[in-house]
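Trainee: Return atomic coordinates for the entry below.
(2 chains)
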There are 2 protein chains.
Amino acid sequence: MVVKVYGPHSASAKRVLVCLLEKEVEFEVVPVDLLKGEHKGPEFLKLQPFGVVPVIQDGDYTLYESRAIMRFYADKYRSQGVELVGRTAEERGVVEQWLEVEAHNFHPPAYDLAVHLLFAPLFGMTPDPKVIEESEAKLLKVLDVYEERLSKSKYLGGDFFSLADISHLPLTYFIVNKMNKEYLIRERKHVSGWWDDISSRPSWKKVIELYLPPI
Amino acid sequence: MVVKVYGPHSASAKRVLVCLLEKEVEFEVVPVDLLKGEHKGPEFLKLQPFGVVPVIQDGDYTLYESRAIMRFYADKYRSQGVELVGRTAEERGVVEQWLEVEAHNFHPPAYDLAVHLLFAPLFGMTPDPKVIEESEAKLLKVLDVYEERLSKSKYLGGDFFSLADISHLPLTYFIVNKMNKEYLIRERKHVSGWWDDISSRPSWKKVIELYLPPI
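Mentor: I've put the predicted structure just below:
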């Protein structure tokens, strides 16, 4: 059964796509035109009642929320592809901790920066300099914690590549390559080395080659 | 080994405490005085570099982020106490989906309501009527989706009580009992029945009896 991934060009969907490639799960993509509001239309809302991408369909199993989808495939195919959640409950606990840190500490300011520095013109919004300044200040503090963590651990979740690292790929890519904010990563030795490592994985290279949004 | 839970009076810590009770794991609590800023002091920051509660210590294993801690104990003690993540990868996927919905759709507006309606005076803040109005409007829409979901499923994650339900307990309790916003729950038949069910569990009753904050 080939997994269908709706909305592959969104940042969140890229987590799912990298995870599927790392787990060697076959998929096909179903584009969703966010600029035309297709994700808020009645057909899409039957799949995802909050009107956001991504969603997957795997036979008659439908699931949304990118981090939940990643966990599902990490669980379903434990012995296939790369092990992405650790081998013990203790290892998985640490992966889960850093996945939560990504969701609650890293993602909000990084997302706000992306919206105001990259996507505002596409959505007819005026970028807010105050939001940009505050988001950057928050991100600096978060990345200081990451620098400390990565000075002691090769990856965020431990000495192995995991869902916690995957989850950072889409927005860190924008920070480094699209926002002119590369210094946030490059001024931190261990964060910088970690970024070079995780962003050079074939899975990520394939995803940005195939599914970058037009910005 | 008795698990130490730091900051038991916080809303997020209550998720962890309910989970430990449901999993029949022994614990002791370590109060953290948030009003005095103890969570931002150097000793606490060694445990939790972002300066937030809860944190657990289980022997020499330290973990933070309430939803990660819940998952850890649900994994570590699969066959002890109540099964809280389902029996198959597919069941767990749905639990994870609704845990993510709680974190990203329910929690932010419910938390903002709690801050502005309940905690602002304690922190010397002036409540912002615009934030209150917008948060309530967001929460209404989220709860409409929950009503639809709970008309077809006994609990959010499936036909069994799970981490997805536990995660909603602390802030829904405030909505119903402290904010004068009980209508948000009571005007939705299935959400109301679900709330009566999950809030009458002995684990939750014990947690609010022992660890309510002084508001």
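Trainee: residue boundaries of the strands in chain A?
Mentor: A:3-6, A:27-30, A:55-58, A:61-64 (DSSP state E).
Trainee: what comes up buried for the last one?
Mentor: Judged by neighbour count using 16 or more other C-beta atoms under 10 Å in any protein chain shown, the buried positions of strand A:61-64 are A:62-64. In this view, the C-beta of every residue, glycine as well, is placed from N, C-alpha and C.
Trainee: Within reach of chain B, which of the residues you listed are there?
Mentor: A:63-64 (C-beta under 8 Å from any C-beta of the partner chain).
Trainee: Enumerate the residues of chain A near chain B.
Mentor: A:49-50, A:61, A:63-65, A:67-69, A:71-72, A:75-76, A:89-90, A:92-94, A:96-97, A:99-101, A:103-105, A:142, A:145, A:148-149.
Trainee: Hmm, residue A:131 and residue A:112 touching each other?
Mentor: Yes: in this structure residue A:112 lies within contact range of residue A:131 using C-beta atoms under 8 Å: 5.5 Å.
Trainee: May I have the top helix by length along chain A exported as PDB, CA atoms only?
Mentor: The helix that spans the most residues within chain A, counting by DSSP state H, is helix A:129-150. Below are the C-alpha coordinates for helix A:129-150, written out as PDB (Å, rounded to 0.1, in the frame of the first residue of the first chain):
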ATOM      1  CA  PRO A 129       9.100  44.400  12.600                       C
ATOM      2  CA  LYS A 130       8.200  43.900  16.300                       C
ATOM      3  CA  VAL A 131       7.200  40.300  15.800                       C
ATOM      4  CA  ILE A 132      10.400  39.700  13.800                       C
ATOM      5  CA  GLU A 133      12.500  41.300  16.600                       C
ATOM      6  CA  GLU A 134      10.800  39.400  19.400                       C
ATOM      7  CA  SER A 135      10.900  36.100  17.500                       C
ATOM      8  CA  GLU A 136      14.600  36.400  16.800                       C
ATOM      9  CA  ALA A 137      15.300  37.200  20.400                       C
ATOM     10  CA  LYS A 138      13.300  34.100  21.600                       C
ATOM     11  CA  LEU A 139      15.100  31.900  19.000                       C
ATOM     12  CA  LEU A 140      18.500  33.100  20.200                       C
ATOM     13  CA  LYS A 141      17.700  31.900  23.700                       C
ATOM     14  CA  VAL A 142      16.400  28.600  22.500                       C
ATOM     15  CA  LEU A 143      19.500  28.000  20.400                       C
ATOM     16  CA  ASP A 144      21.800  28.800  23.300                       C
ATOM     17  CA  VAL A 145      20.200  25.800  25.100                       C
ATOM     18  CA  TYR A 146      20.600  23.700  22.000                       C
ATOM     19  CA  GLU A 147      24.300  24.700  21.800                       C
ATOM     20  CA  GLU A 148      24.800  23.400  25.400                       C
ATOM     21  CA  ARG A 149      22.900  20.200  24.600                       C
ATOM     22  CA  LEU A 150      24.800  19.500  21.400                       C
END
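Trainee: mind checking how far it is from the chain centre?
Mentor: On the basis of C-alpha atoms, centre = their mean, to the nearest Å, helix A:129-150 sits 17 Å off its chain's mean C-alpha point.
Trainee: what's it packed up against?
Mentor: Counting contacts by 3 or more C-beta pairs under 8 Å, 6 or more residues apart in numbering or on different chains; DSSP states H and E, helix A:129-150 packs against helix A:107-114, helix A:183-186, helix A:189-199.
Trainee: Which one, of those, ends up nearest to residue B:180?
Mentor: Closest approach to residue B:180 among the helices and strands packed on helix A:129-150 is made by helix A:107-114 (28.7 Å; C-beta to C-beta).
Trainee: Give me the distance from that closest one to the chain's centre.
Mentor: The answer for helix A:107-114 is 12 Å, by C-alpha atoms, centre = their mean.
Trainee: residues making contact with it?
Mentor: Outside helix A:107-114, the residues that touch it by C-beta atoms under 8 Å, 6 or more residues apart in numbering or on different chains are A:11, A:131-132, A:134-136, A:138-139, A:142, A:171-172, A:174-175, A:179, A:181.
Trainee: Now do it against helix A:129-150, angle only.
Mentor: Helix A:107-114 and helix A:129-150 are oriented at 130 degrees to each other (axes from the mean of the first three to the mean of the last three C-alpha atoms, to 10 degrees).
Trainee: quick one on the thing from earlier: turn the strands of chain A into CSV, including mean pLDDT and distance to residue B:17.
Mentor: Below are the strands of chain A laid out as CSV (pLDDT from 0 to 100; distance: least, C-beta to C-beta, whole Å):
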stretch, mean pLDDT, distance to residue B:17
strand A:3-6, 98, 37
strand A:27-30, 97, 40
strand A:55-58, 98, 33
strand A:61-64, 98, 29
